[in-house]
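Peer 1: have a look at this fold, sequence not included:
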């Protein structure tokens with residue numbers, strides 16, 4: 001555990017119980033959100049690559065210009 005996390009938990013542990021619960025809920029929510037973003041990003045790589053290829057093809061064919069973006 002890092003020193004910063006230890007310090008946050010030490011300070012958090014001194015809060016009233018209701019504030020500790022809010023603190024814990026906030027941390028858990030942030031971790032859950034991060035995990036969802038990581039999964040969504042990982043799952044979208046194929047689609048993003050396809051879209052990039054299509055955009056490059058359109059640019060090569062003169063169907064798109066830099067100002068169109």
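Peer 2: Yep, that arrived. These figures come from a predicted structure and were not determined experimentally.
Peer 1: only C-alpha atoms for contact and neighbour calcs from this point on.
Peer 2: Noted.
Peer 1: the helix ranked longest in the chain packs against which elements?
Peer 2: Identified as the longest helix of the chain according to DSSP state H is helix 17-43. Contacts defined by 3 or more Cα pairs under 8 Å, 6 or more residues apart in numbering; DSSP states H and E place helix 17-43 against helix 3-13.
Peer 1: in the helix it packs on, what counts as buried?
Peer 2: Using 16 or more other Cα atoms under 10 Å as the test for burial, helix 3-13 gives residue 12.
Peer 1: measure stretch 38-52 end to end?
Peer 2: Start-to-end span of stretch 38-52 (Cα to Cα, to the nearest Å) is 20 Å.
Peer 1: average pLDDT across it?
Peer 2: The predicted model assigns stretch 38-52 a mean pLDDT of 89.
Peer 1: how far off centre is it?
Peer 2: 14 Å (Cα atoms, centre = their mean, to the nearest Å).
Peer 1: could you do stretch 29-43 as well?
Peer 2: Its chain's C-alpha centre and that of stretch 29-43 lie 5 Å apart, by Cα atoms, centre = their mean.
Peer 1: next: stretch 2-21.
Peer 2: The mean C-alpha position of stretch 2-21 is separated from the chain mean by 24 Å, Cα atoms, centre = their mean.
Peer 1: still on that earlier bit, tilt between the longest helix of the chain and helix 3-13?
Peer 2: Interaxial angle, helix 17-43 versus helix 3-13 (axes from the mean of the first three to the mean of the last three Cα atoms, to 10 degrees): 140 degrees.
Peer 1: distance from the chain centre to the helix or strand just after helix 17-43, please.
Peer 2: Per DSSP states H and E, the first helix or strand lying C-terminal to helix 17-43 is helix 45-60. Using Cα atoms, centre = their mean, the mean C-alpha position of helix 45-60 is found 23 Å from that of the whole chain.
Peer 1: buried set for helix 45-60?
Peer 2: Neighbour counts using 16+ other Cα under 10 Å place residue 55 of helix 45-60 among the buried residues.
Peer 1: that's all I had, so thanks and see you.
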